[in-house]
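Novice: dropping a prediction and its sequence here:
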Amino acid sequence: MTKLNILLLGSGGRESALAWKISQSPRTGKFYIAPGNGGTERYGVNVELSPLDFDGIGRFVADNSIDMIVVGNEDPLVAGIYDHFADSPVLVVGPSKAGAALEGSKDFAKHFMERHAIPTARYRSFTAATLADGKAFLETLRPPYVLKADGLAAGKGVLIINDLDEAKASLEEMLSGMFGASSATVVIEEFLSGIECSVFVLTDGNGSYRILPVAKDYKRIGEGDTGLNTGGMGAVSPVPFADKEFMDKVERRIIRPTVEGLKAEGIVYRGFIFLGLINVGGEPMVIEYNVRMGDPETEVVMPRLASDLVDLLEAAARGDLGDTPADHDPRTAVTVMAVSGGYPGSYAKGLPVTGNLDPGQSILFHAGTTRDADGRLVTAGGRVIAATSYGAGIADALAKSYAALEDLAFAGKYLRRDIGRDLMNL
Ligand code: AMP
Ligand code: GLY
C-alpha cells in the first residue's frame, strides 16, 4: 500500500471534518493543514500558509514531498489552483479554473444547465448596458423576484424581493457595483418553492462519479429559519425526502448530464460537485452548483462515508475512480454549530473555550478556534465549534449533539435548538 503525503487547504468546520476523515486512512502519510484551526492540529500539522498563496504552496509541496493537495474552499479553485499545478506531479483534487466557473459564475452555470437540459429555474442575465431589458423582464415575472450576482460574493450575492419596484431598484444597485465586480452581471430567475437539500458527488472527470450521503443544512441564524443568513448553523444526513425515487431522478436528470456535460465540453474536473437542489413537488431542480464540499454539510457527510476517503480522492484526482467504493453508513448524523454571540453581525474574538473538549458520544469539529500565545483554545470566528453525533434517527442524534454543546463554554455561545425539526414530522 502506498502512502500519500497530503496537504489540505482551509480552516473551517468543513476542513476539520475532511481532516478527521483523511487522518483515519491507512493511506495517509504525512498530513498538513494550511492554515487549519485550533482543532485540526489533532489530525495533522497546521501550516501557516494562505490557500491563495500558490507560490508558497508550491514551495511547501516541494520541500515536504507532498503527493496530493485537497482544496476545501472555493476561492483557490476559482483562482485556478488546479491549473497552477497541472504540469507538476502533485495531484490536486478539484476542478480546473474552467470547471470552477460552475460556482464562480452563475451566468456560466445557468448556460451550462441550459446546454445540457438540466432542470433549473428559468432565467435571464443582464449587465449595466441591458438594465432597461432587465427591468422589463422583471415585469414579466411573478413575485418574489430572485436576483443573483454573477460572481462570488461570500454567500451574500442573492436577493429575494417581494416588491417589483424594489426589485428594479436593487437590480440597478447591483449593476452599479453593490457587490463590486461580482454583480457586474446579474442573473434574474424565477422563484422556486420547495425544500432544499445538498447532494455531493465526487467525479474523476472521465464520466465516473460517486454519490456521497445527502444532507440538509440550516442557513439562517434564527429558529424557524428566520433572521440573517450565516455560514450554516447545523446539518442533517440522510434527508428523509431524498428517497430512492427522488435520488434516481437526481442521478438521471442532474448528476449524469452534469458529469457527462463537463467531459463533453472538455472541462477538466476531478473533484467534488455540490448540487444545491430544491424539491419542487417531488421534482429535483438545481438552485446552484458549488465546486467543493458544503459547510456544515461535510460535518455530517464525512462521518457517514464508510469507505476510505484517501482512496477516493486519489482515484478522482488521477482521473480514474474505477471501482473505488463510496459506501454510506446507515446511521443518521446531525451536526449543530455553536456560534459567537452577535454572529453573523459583529462579535468578539479571543474568548477562552473551556469544558469537555472530548465528548465520547460526539465529534467536535472546530471551525473558528485558535490557540492564543499561552496555548489556550480561544474563539477566532463567528462559527466556533460543531458537534456531530450519530443516532438511530434525527432526534436521537440531536440529543447527543445538544448535550455535547451544553458541556462546552465560551462567553456569548449561541446555537439553534430546532436543527432537523422540519424533517422529523415528514
Ligand atoms: P445561492 O447563493 O444560489 O445558494 O442562493 C442562496 C439561497 O437563496 C438558496 O439557498 C435558496 O434558499 C435561495 N434561492 C436561490 N435561488 C432561488 C430560486 N430560484 N427560488 C427560490 N429560492 C432561491
Ligand atoms: N452549506 C452551504 C454551503 O456550503 O455553501
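Specialist: That came in fine, so what should we check first? Ligands and ions are numbered 1, 2, ... in the order given.
Novice: need the helices for this protein, in chain order.
Specialist: For the chain, applying DSSP state H gives helices covering 13-23, 54-63, 74-78, 81-84, 97-104, 106-115, 131-140, 164-175, 244-250, 256-264, 298-301, 309-318, 394-406, 421-424.
Novice: and the fourth one, how far out from the chain's middle?
Specialist: Between the centre of helix 81-84 and the centre of its host chain there is 20 Å, according to Cα atoms, centre = their mean, to the nearest Å.
Novice: what's it packed up against?
Specialist: helix 54-63, strand 91-95, helix 97-104 (3 or more Cβ pairs under 8 Å, 6 or more residues apart in numbering; DSSP states H and E). (Glycine included, C-beta is placed from N, CA and C.)
Novice: now the last one
Specialist: In terms of contacts (3+ Cβ pairs under 8 Å, 6+ apart), helix 421-424 is packed against helix 394-406.
Novice: so which bits of the helix it packs on are buried?
Specialist: With burial defined by 16 or more other Cβ atoms under 10 Å, the residues of helix 394-406 counted as buried are 394, 397, 398, 400, 401, 402, 404, 405.
Novice: for that helix, list the C-alpha coordinates in PDB.
Specialist: The C-alpha trace of helix 394-406 is given here as PDB (Å, rounded to 0.1, in the frame of the first residue of the first chain):
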ATOM      1  CA  ILE A 394     -32.600  12.600  13.900                       C
ATOM      2  CA  ALA A 395     -34.000  13.100  17.500                       C
ATOM      3  CA  ASP A 396     -31.600  10.600  19.000                       C
ATOM      4  CA  ALA A 397     -28.500  12.100  17.300                       C
ATOM      5  CA  LEU A 398     -29.600  15.600  18.100                       C
ATOM      6  CA  ALA A 399     -29.900  14.900  21.800                       C
ATOM      7  CA  LYS A 400     -26.200  13.900  21.900                       C
ATOM      8  CA  SER A 401     -25.000  17.000  20.000                       C
ATOM      9  CA  TYR A 402     -27.000  19.300  22.200                       C
ATOM     10  CA  ALA A 403     -25.600  17.500  25.300                       C
ATOM     11  CA  ALA A 404     -22.000  17.900  23.900                       C
ATOM     12  CA  LEU A 405     -22.500  21.600  23.300                       C
ATOM     13  CA  GLU A 406     -24.000  22.000  26.800                       C
END
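Novice: hmm, who's touching it?
Specialist: With contact meaning Cβ atoms under 8 Å, 6 or more residues apart in numbering, helix 394-406 is reached by 236, 331-336, 338, 356, 359, 361-362, 364, 385, 387-391, 413, 415, 417, 419-420, 423-424.
Novice: looking at the stretch 201-350 of the chain, which residue is nearest ligand 2?
Specialist: residue 294 (3.5 Å; Cβ to the nearest ligand atom).
Novice: point out the residues in the stretch 251-400 of the chain that sit beside ligand 1.
Specialist: For the stretch 251-400 of the chain, the residues in contact with ligand 1 (Cβ under 6 Å from any ligand atom) are 276, 287, 288.
Novice: out of those residues, which one sits closest to ligand 1?
Specialist: Closest approach between those and ligand 1, by Cβ to the nearest ligand atom: residue 288, at 3.6 Å.
Novice: neighbours of that closest one, how many?
Specialist: Residue 288 sits with 18 neighbouring residues when counted by other Cβ atoms under 10 Å.
Novice: assess the claim that it and residue 273 are in contact.
Specialist: No. Using Cβ atoms under 8 Å, residue 288 is not in contact with residue 273, being 11.3 Å away.
Novice: can you list the residues of the stretch 51-200 of the chain near ligand 1?
Specialist: 121, 146, 158, 189, 191, 192, 196.
Novice: Serialize the residues you listed to a markdown table and add fields for neighbour count and pLDDT.
Specialist: Output for these, formatted as a markdown table (neighbours: other Cβ atoms under 10 Å; pLDDT from 0 to 100):
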| residue | neighbour count | pLDDT |
| --- | --- | --- |
| 121 | 18 | 94 |
| 146 | 20 | 93 |
| 158 | 16 | 88 |
| 189 | 20 | 94 |
| 191 | 14 | 95 |
| 192 | 18 | 96 |
| 196 | 15 | 96 |
